[in-house]
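Chemist: Fold the following.
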Amino acid sequence: MLNAPHIVSDVMTKTVAAVGREARFKEIVETMERWKVSALPVLAGEGRVVGVVSEADLLPKEEFREPDPDRLEQLRRVDDVRRAEAVTAGELMSSPAHTVRANATLSQAARTMALESVKRLPVVDGHGVLQGIVSRADLLKVFLRSDDDLAQEVRRDILGALFAAPTRDLQVTVTEGVVTLRGRVRDRSFIPVAARLVRSIEGVVDVDFDVTGPDAARTGPMATDRPDAER
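Modeler: Residues are numbered from 1 along each chain as shown. Down below sits the predicted model:
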């Protein structure tokens, strides 16, 4: 059986620095410095995430210190000018916050980050209460899996399911996350399926094939990933 995909709760940071709506500008900066972070969730009530305040939200106060922006600049960057005058987290924060649930897959979290152009996502429960935070770096942790671990998963979950016997005719090697399958298979029509399944394993960087079928025809690297490719 294929392993279930990793979810956000597998990689998120559970101890999270946060501030309330009324936190003052200097308190926000001090909290960021103390925790060595570049953004903080802003909480209300019983820990419900209502926004995020980041270094980018704080910088306009320094940027617009002098000289005063001209009228055109003020109109073009009205949000930044507003933040330059703000003093509390509630005034500075970006809201509503883009969040993710703990049971979301890493792919879903990565897609949200890309679509919303954010570097991190507060992790919340069904009521919007903060549970942790997940960053781009956290999502990349799956690529730290060892080559041996990836090879074992390919043999157990892909080859064993698709090719049954004799899988001894297929050799699996993994080098820096790139999976290579070499050997002989009875039915090469399974190769495109195998390619897609191997790529779906978290931590796999790419997949190559160098296999022969009953007609002993060789398949070039990656070409077997396309059902209509020349064999």
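
Chemist: my guess is residue 93 meets residue 49, correct?
Modeler: No: between residue 93 and residue 49 there is no contact under CB atoms under 8 Å: 10.1 Å. For glycine as for every other residue, the C-beta is placed from the backbone atoms N, C-alpha and C.

Chemist: what touches both of those two?
Modeler: Common neighbours of residue 93 and residue 49 are listed as residue 42 (criterion: CB atoms under 8 Å, 6 or more residues apart in numbering).

Chemist: any idea how far residue 156 is from residue 80?
Modeler: Residue 156 sits 53 Å away from residue 80, going by CB to CB, to the nearest Å.

Chemist: er, residue 151 I mean
Modeler: 51 Å.

Chemist: about what we covered before: so between residue 156 and residue 80, which is more surrounded?
Modeler: residue 80 (18 against 14; other CB atoms under 10 Å).

Chemist: thought the more buried one was touching residue 64?
Modeler: Yes: between residue 80 and residue 64 there is a contact under CB under 8 Å: 7.1 Å.

Chemist: how about the closest residue to residue 25 other than its chain neighbours, phi and psi?
Modeler: Once flanking residues are discounted, residue 25 sits nearest to residue 87: 5.1 Å by CB to CB, 6 or more residues apart in numbering. Torsion angles at residue 87 (phi, psi; degrees, to the nearest 10) stand at phi -130, psi -10.

Chemist: In this structure residue 87 contacts residue 26, no?
Modeler: No: with contacts counted by CB under 8 Å, residue 87 stays clear of residue 26, the gap being 9.1 Å.

Chemist: of the two, who's got more company?
Modeler: residue 87 (13 against 9).

Chemist: part of a helix, is residue 118?
Modeler: No: with DSSP: H, G, I helix; E, B strand; the rest coil as the criterion, residue 118 is coil rather than part of a helix.

Chemist: and it, how far is that from residue 181?
Modeler: 37 Å.

Chemist: more neighbours, those two?
Modeler: residue 181 (24 against 17).

Chemist: remind me which residues of this structure are low pLDDT?
Modeler: For the chain, residues meeting the criterion pLDDT under 70 lie at 1-4, 65-78, 163-168, 213-231.

Chemist: give me that answer again for 90
Modeler: Counting by pLDDT under 90, the ranges of the chain that qualify are 1-6, 60-85, 155-171, 183-194, 209-231.

Chemist: That's all I had, so thanks and see you.
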